[in-house]
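Undergrad: okay, sequence plus prediction incoming.
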Amino acid sequence: MLKYLIKQSRLLLFSASFISILHGMGSVYLLAQISAALTTSDFNRDEAALIFVVTALLVMLGYMIGAILFERLGQCAQSDLRGLIAQRVIEADYRQLEQLGAARIQSALSEHCTRVAEFFVSFPIILTNSIIVMGCLAYLAYLSWQVFLLAILVIGFGSFGYHLAHLRAIRHLDIAAKEQDNLFAYFRSLTDGAKELRLNRDKRNAFYDDVLKRSIERVRKERTFGMSIFVASASWGNFLIYAFIGLVLFLLIGDVPDRTLIMTGYALVFVYMVGPLEALLLNIPRANLAQVSARRIEEIMHSIHSSEPQAEIRELPPLQSIVLQGVLHRYYHEQKDEMFTLGPIDLEFRPGEITFLVGGNGSGKTTLAKLLVGLYPPEEGRIMLNSQVINNANRDYYRQFFTTIFSDFHLFDRLLEVSDGNMLDKNGNELLTKLHLQHKVKVRNGAFSTLALSQGQRKRLALVVAYLENRPFLVFDEWAADQDPVFKEIFYRELLPELRTMGKTVLIISHDDRYFHLADRLIRMENGRISLDSPKSPATSINQTALPLVVANHTA
Ligand SMILES: Nc1ncnc2c1ncn2[C@@H]1O[C@H](COP(=O)(O)OP(=O)(O)OP(=O)(O)O)[C@@H](O)[C@H]1O
C-alpha cells in the first residue's frame, strides 16, 4: 500500500525528497562553517559571514518547502487512500461487504488512513536527519578514521538491537490494529444502541465496563507496549550515542598536543548529531505504525473485490420475464458450525404482477429477495432476464431493473437520480403529496428538506425515491409494517394496483395477512424452501392481460 502511494506521487515525493536532502546537506555545511569558525583563526570573516547567512537562509527555505511538500503529500495520500477504499467498497460484491462488516471499513477509512498519511510527515524528518547524520559521520571520517570506524561499530550495534525490538513491537502494534476494528464496531453500538443503553442500566454498565472499556484498554495496552519497546530501544540508541561520545572524548583522544581544539571540533559534531539521531529514533516508530496501518488496509482491500464489472449507462429494454432456475444460496455460521440453505428455488416473474412473499421469521424471504435482485449471485442454478442468462459480466446491468426497500434501507439525503434538477424537485414534491408527506418534507435542489421523521414517514420517503427511480421491478421488504392502518389501506388498495397498471412487477414481503387476497400470486416460504406458490384470484386483478405465469416449484 505504501509502495502504491509512493508510486502514485512519485514526482512530488522525488521533489520533496530532493529538497529535504539539500536541506540536510545545507545543515551539515552550516556545521562545517561553525566548526571552522571555532577552530580556525585565519579566515575572511566577512566572506564567511555572508556564506553563513546565505546557507542559513537556504536551509530555512529548504526546510519550509520540504515540510510543505510533505504535508501536501500526506494529505494527498490520505485522500487518495480514502477514495481508493471507498471506490473498492462501492464496487465490492455485496456478500463480501456483509462478511467484512461496517466497523472494519470505518476503521480503515478513518484511523488507518490517517496513520498512513503520517508516514509522509515522518518521512522527510527521517530523510533529512539521515542526511545530517551521514554528513556528520563523513565529517568525523575526515577528522579521524579511527573515530569514524568506532561510530560505525556503535551504529551497527545499536541498529541490531533496534531491529530485534522492532520485530517484537510490530507484533503488539498488529494486535492493537486488529482490536481497533472491534472497537469501531463498539463505537457504532454506542450510537445505534443509544436507546437500549439508556433504558437498561445493567446493560449499559456491562457494555461500558466489559465490552467497550476492555477493548479501549486492549488497544491502549498493546499500542503502549509496542511503542514503549520502540522508546526503550530509542533510549538504548541514545545511551550508545553518549557512550560513544564519552569513549572518544575521554579515552580515544587522550593527551594530544592540540587537545582543546580537537575536542571542540568533535564536541561540535557530536552535539550537532545528537538531535538528528534522536529525531530519527523517534520518527522511525511513527513510520512503523504507518506500515502496520497500511498492511491492515491492504488486508481489507484484499478481502473485498468485485467479480462484476460496473454496468454501462444505457436504456433498459422492457422487462418481459425474470426466471429463477434451481437457485441456491447458503449461509455458513462459523461459531455454531451451522448452515442455512435457501433453495433450490424455481420461480418466474412477469410484468404487471403483484406477488406477496410470506413466511415465518428466518424462513429465507429476505435472502430470496437478495438473490432475486442480484445482490447475491446464486451458488447453484441460474437467473434469466428476458431469456438471457445472468452471470458476473451482466449482473450489475441486471440489478438496474430493480428498486428495493429492504427493512434496513438507507435514505440518502440527496435524490441522486440523474435527471433535470427542476423536474426532480417537481416530481419529488408531487410524490410527497401523494404519500401525504407534503407538510413534513419538501424536495429542494434535489435534496429532502429533512430526514428527521418517524420510521413510517422515512419509509414513505423511500417510496418516493423508488417511484422516482422508475425501475420495472420493485421489491418491498415489509414496507407496510410501520404504516398506520389508513396508509396501509392506501398502499395495498391504491398504490399497488396503480403500480400494476403501470406494468410494474412488484414483490412484497409481508406479514399483513389481511391483504393477502389482493395479491396476484402468493408464495410461502418455510425453512429456505417454497412450500406454496399459488396463483392469483382473478377477481382481484385489474389488468387481466398481465396474468402471471406460475411455475411449479419442485420443493413444494
Ligand atoms: N447476513 C447473514 N449472514 C449469515 N446468515 C444470515 C444472514 N442473513 C440471514 N441469515 C440466515 O438466513 C436465515 C434466513 O434469513 P432471512 O433474513 O432471509 O429470513 P426472513 O424470512 O426474511 O426473516 P424475517 O421475516 O425475520 O425478516 C436466517 O435464519 C439466518 O440464519
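TA: Great, that's in hand.
Undergrad: all contacts plus neighbour counts: C-alpha atoms, from now on.
TA: Fine.
Undergrad: grab the nearest non-local neighbour of the closest residue to the ligand within the stretch 201-350 of the chain.
TA: Residue nearest to the ligand within the stretch 201-350 of the chain (C-alpha to the nearest ligand atom): Tyr331, separated by 4.8 Å. If the residues on either side of it in the chain are set aside, Tyr331 comes closest to Phe340, at 5.1 Å by C-alpha to C-alpha, 6 or more residues apart in numbering.
Undergrad: name the element the one you found belongs to?
TA: strand 338-349 (DSSP states H and E).
Undergrad: buried residues in that strand, which are they?
TA: By neighbour count on 16 or more other C-alpha atoms under 10 Å, the buried set for strand 338-349 is Thr341, Leu342, Gly343, Pro344, Ile345, Asp346, Leu347, Glu348, Phe349.
Undergrad: same check on stretch 378-397?
TA: Pro378, Gly381, Arg382, Ile383, Met384, Leu385, Ile390, Asn391, Asn394, Arg395, Asp396, Tyr397.
Undergrad: okay, how far is it across that stretch, tip to tip?
TA: End-to-end distance for stretch 378-397: 16 Å, by C-alpha to C-alpha, to the nearest Å.
Undergrad: before we move on, back to that, and the gap between the residue of the stretch 201-350 of the chain closest to the ligand and Thr341?
TA: Using C-alpha to C-alpha, Tyr331 is found at 7 Å from Thr341.
Undergrad: same check on Gly528?
TA: For Gly528, the distance to Thr341 equals 6 Å [C-alpha to C-alpha].
Undergrad: before we move on, what about Trp479?
TA: Distance, Trp479 to Thr341, using C-alpha to C-alpha: 25 Å.
Undergrad: ok, now Asp46?
TA: Noted for Asp46: a distance of 88 Å to Thr341, by C-alpha to C-alpha.
Undergrad: ok, now which ones touch the residue nearest to Tyr331?
TA: Phe340 sits next to Arg330, Tyr331, Tyr332, His333, Gly528 when contact means C-alpha atoms under 8 Å, 6 or more residues apart in numbering.
Undergrad: which of those residues are buried?
TA: Taking 16+ other C-alpha under 10 Å as the criterion, what is buried in these is Gly528.
Undergrad: can you pull the pLDDT of Ala556?
TA: If you check Ala556, the pLDDT there is 30.
Undergrad: all numbers from here: first residue = 32
TA: Yes, from this point I'll number from 32; that puts the last item at Ala587.
Undergrad: tell me which parts of the protein are close to the ligand?
TA: Residues of the chain lying close to the ligand (C-alpha under 6 Å from any ligand atom) are Tyr362, Phe371, Gly391, Asn392, Gly393, Ser394, Gly395, Lys396, Thr397, Thr398.
Undergrad: buried subset of those residues?
TA: Ser394, Gly395, Lys396, Thr397, Thr398.
Undergrad: hmm, back to that, can you name the residues that contact the residue of the stretch 232-381 of the chain closest to the ligand?
TA: Tyr362 makes contacts with Met370, Phe371, Thr372, as judged by C-alpha under 8 Å, 6+ apart.
Undergrad: now Asp513
TA: Per C-alpha under 8 Å, 6+ apart, neighbours of Asp513: Gln486, Gly487, Lys490.
Undergrad: most neighbours out of the residues you listed, which is it?
TA: Neighbour tally across the contacts of Asp513 (other C-alpha atoms under 10 Å): the maximum, 23 neighbours, falls on Lys490.
Undergrad: please report how far it lies from Asp223.
TA: Separation of Lys490 from Asp223 (C-alpha to C-alpha): 18 Å.
Undergrad: so which strand or helix has Met415?
TA: Applying DSSP H and E, one finds Met415 within strand 411-416.
Undergrad: quick check: mean pLDDT of that strand?
TA: Averaged across strand 411-416, pLDDT comes to 94.
Undergrad: and the contacts of it?
TA: 350-360, 375, 403, 420-421, 429.
Undergrad: restricted to strands, list these.
TA: Ile353, Val354, Leu355, Gln356, Gly357, Val358, Leu359, His360, Pro375, Val420 (DSSP state E).
Undergrad: nearest to Asn458, of those residues?
TA: The nearest member of the ones in strands among the contacts of strand 411-416 to Asn458, counting by C-alpha to C-alpha, is Ile353 at 29.1 Å.
Undergrad: hang on, the closest one packs against Phe380?
TA: Yes - Ile353 lies in contact with Phe380 (C-alpha atoms under 8 Å); the separation is 5.1 Å.
Undergrad: which parts of this structure belong to which domain?
TA: When the chain is parsed into structural domains using automatic domain parsing, the resulting residue ranges are 33-334, 353-442+482-577.
Undergrad: distance to Thr464 added to the ones you listed, as CSV?
TA: Formatted as CSV, the domains of the chain follow (distance: least, C-alpha to C-alpha, whole Å):
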stretch, distance to Thr464
domain 33-334, 31
domain 353-442+482-577, 10
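Undergrad: mean pLDDT lowest for which of those domains?
TA: Of all those, the minimum mean pLDDT falls on domain 33-334 (a mean of 82).
Undergrad: residues in contact with the nearest residue to Met415 once chain neighbours are set aside?
TA: Spatial nearest neighbour of Met415, chain neighbours left out: Val354 (5.0 Å); criterion: C-alpha to C-alpha, 6+ apart. Listed by C-alpha under 8 Å, 6+ apart, the contact set of Val354 reads Asp377, Leu378, Glu379, Phe380, Ile414, Met415, Leu416, Ser418.
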